[in-house]
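what follows is a predicted structure for the sequence shown.
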Amino acid sequence: GVFPSASLGWRISQEDFMESTRDWLDDLKLRVGYGQTGNSEVPRITNYAMELATYPKRSDYDLNGQNNSTTTGFILDKYGNEDTKWESTEMWNVGVDATLLNGKFSIGAEWYWKKTTDMLYDMNIPSSAGASVGSYKANIGDIHNRGLDLAIQYRNSYKDFRYDVALTLSTNKNKVVKLNDDINPIIERGGSEAITGSMYRTENGKPMGQMYGYVVEGIFQTKEEIAALNAASPTGLYQVSGTAPGDFKFKDLNHDGKITEEDRQYIGNPWPKLIYGLNINLSWRGFDLVMGWLGHQGVDIYNVSKAVERNFYGDWNTTYKVFDAWTAEHPTEHPRVVTGDPNNNFKTVSSYFVENGSFLKLKSLHFGYNLPKSALAKIGLNGVKIYVNCNNLFAFTKFQGDPEIGGGYLERNCYSDTRWPASKSIVGGLSLTF
C-alpha cells in the first residue's frame, strides 16, 4: 500500500518580533503533522486459508471395521479468513514545544486525532466450527481516537543539590465509528468459569470494550419487599423464584416490572480518563535518589474474583471475605451465601463487580551512595557505589489488589481469580569500578 506523511514546523522564537523574549525564552516551536500507516501483521501468513492437520486420537479412523488398524485422517486445525486486508491508520497532530530559562524549564503539548480503518483483531470461533484454534484475524471495523499529551520538566541546582522533575499527562477517548457488518454489529467478549455471560460489549458509537451488565440498586431486606414487586410483575416474578432476603435487587431499567436482558446497560469504563507519570531525580554530594511514579485516574475494574472470594465456589474453598455476607442479624452490602446461589448473585454480570481502579503507584525507586574518591585511593578503586533498587513498592488506591491490569481493546481491566500475582522486588547491590 501507499501511506503518505507530511509535517510542518515553525520555530517562532527565531522570528524578529520575538526579539524581546530571548533573555528568558530559549526556543518556541509550533508543529503540525499528518500521516498514514499500514499494518498487515498477522500471526501467520496463511491467515486467509483453512488449514488441516492430523491428530491420531481425533482424526484417524478404523475404516475396515476390524479394530486392528487406522487410516490417517485430517481435521480443521486453523480457521482462515480470505477477506483479511491491510489495517490503515490516519493521524493528525498539532503540537507546541517550548524551552525557557536557559534550558531549566521545558514544556510540550500535543493534540492528536487518529482514525484506524479495517482494524485487525482476533475474533473467537464457536466450538461448532470444529477448529481446534479458537480465534482468527479479521478486520473488525473503524475506530477513532483523540487525546492530549502534555510533558513538563524542570531541572536546576543549588550548591551541591541537583534536581530534575518531569511530569507527563495523557488523555485519550476512543469511539467505534462502524463495526464490520460481516462480523457482528455488536461484539461481546470476556468470560469466566464463575460468571454467566460476557462482561464487555463493543458497538457503534461507543468506546471499545465497555463493561455491560445489570445495575444492582440494593439488597432485598424482607420477604414483603420481594412479594410486592412480584405482585406488580406481569409474569408474577420480578426476578426469579428463588429470590430471597439477602439477594441482589437488580434495577428495572425499562420499567416493565420484570428483570430481563433488556435491563442491562453500560456499567463501567476500563479506559482511564487520565494517565500521568512523575519522574524525580535528586542528588546531593555522593547520594542520589530516583523515583518513577505512574497514575491512572477515572478508570473502572471488573473484579470477577469476588465471585470466588465471597462465595463457596468449585471445591467449596473460599476466603475469610465470605464472613462479610448478608445475614438478617448482620445486613451488609455483600449478598447472602447459600447453596446453589438461586438468585445468581455471583453468576450475573452486574455493577457489584465494578470497582474504582484509580491508582498512583511507585513503579521504581533507586537510592545510592557513592563513596568519596579520596577514601578509595589507598585501595586502588576508582569508585564504589552502594545502592538499593525497588520495583512496584506500593500504590495508593481504593482497590483491593494490584490495579495495574490492562488488557486488549475488546476486554481489559478484569481482575480475575486466575491472575498472575503482581511482582514486587527490593534488590541491594554494590558496584565497584577499577
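Ah, there it is. Predicted, not measured: the structure shown is a model, and the values here were computed from it.

contact partners of stretch 299-306?
Here stretch 299-306 makes contact (Cβ atoms under 8 Å, 6 or more residues apart in numbering) with 190, 192, 194-195, 199-200, 211, 268-273, 346, 352-358, 399-401, 403, 405, 413-417, 419. (C-beta placed from N, C-alpha, C; glycine too.)

mind listing which of those residues are in strands?
Residues from those lying in strands, with DSSP state E as the criterion: 200, 211, 268, 354-356.

Glu15: which of those residues is nearest?
Of all these, the one sitting nearest Glu15 is Asn356; the distance, using Cβ to Cβ, is 48.2 Å.

can you give me the neighbour number for the closest residue to that closest one other than its chain neighbours?
With Cβ to Cβ, 6 or more residues apart in numbering as the measure, Lys398 is the residue that lies nearest to Asn356, at 5.1 Å, once sequence neighbours are left out. Residue crowding around Lys398 was assessed by other Cβ atoms under 10 Å; the count is 10.

what do you get for Leu432?
10.

so what strands line up beside the helix or strand harbouring it?
Taking DSSP states H and E as the definition, Leu432 sits inside strand 425-433. Strands that pair with strand 425-433, judged by DSSP bridges, come out as strand 383-397 (antiparallel).

could you list the residues in contact with the partner strand?
Contact partners of strand 383-397, identified using Cβ under 8 Å, 6+ apart, comprise 357-371, 373, 376, 402-404, 422-433.

and it, which residues are buried?
Neighbour-count burial for strand 383-397, with 16 or more other Cβ atoms under 10 Å as criterion, is recorded at 384, 390, 392, 395, 397.

what is the nearest of those residues to Pro342?
Distance from Pro342 was checked for each of those by Cβ to Cβ. The minimum falls on Thr397, at 34.2 Å.

any idea how far that closest one is from Leu362?
Applying Cβ to Cβ, to the nearest Å, the value for Thr397 to Leu362 is 12 Å.

buried among the contacts of stretch 299-306? Need that as a selection in PyMOL.
Taking 16+ other Cβ under 10 Å as the burial criterion, the selection of buried members of those in PyMOL is written as:
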select buried, resi 190+192+194+195+199+200+211+268+269+270+271+272+346+352+353+354+355+357+358+399+401+403+405+413+414+415+416+417
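
the longest helix along the chain packs against which elements?
Among the elements of the chain assigned as helix by DSSP state H, the one spanning the most residues is helix 223-232. Contact partners of helix 223-232 among helices and strands, from 3 or more Cβ pairs under 8 Å, 6 or more residues apart in numbering; DSSP states H and E: none.

got the contact list for it?
Applying Cβ under 8 Å, 6+ apart, the external contacts of helix 223-232 come out as 220, 236-239, 243-245, 249, 257.

now stretch 116-126: buried residues?
Applying a neighbour-count criterion of 16+ other Cβ under 10 Å, one finds 116-123, 125 buried in stretch 116-126.

just flag the most distant two among these.
Using Cβ to Cβ, the two most remote members of the buried residues of stretch 116-126 are Thr117 and Ile125, lying 24.1 Å apart.

can you pull out the low-pLDDT segments for the chain?
Under the criterion pLDDT under 70, the flagged ranges of the chain are 40-48, 57-58, 126-134, 183-184, 314-316.

alright, that wraps it up for me.
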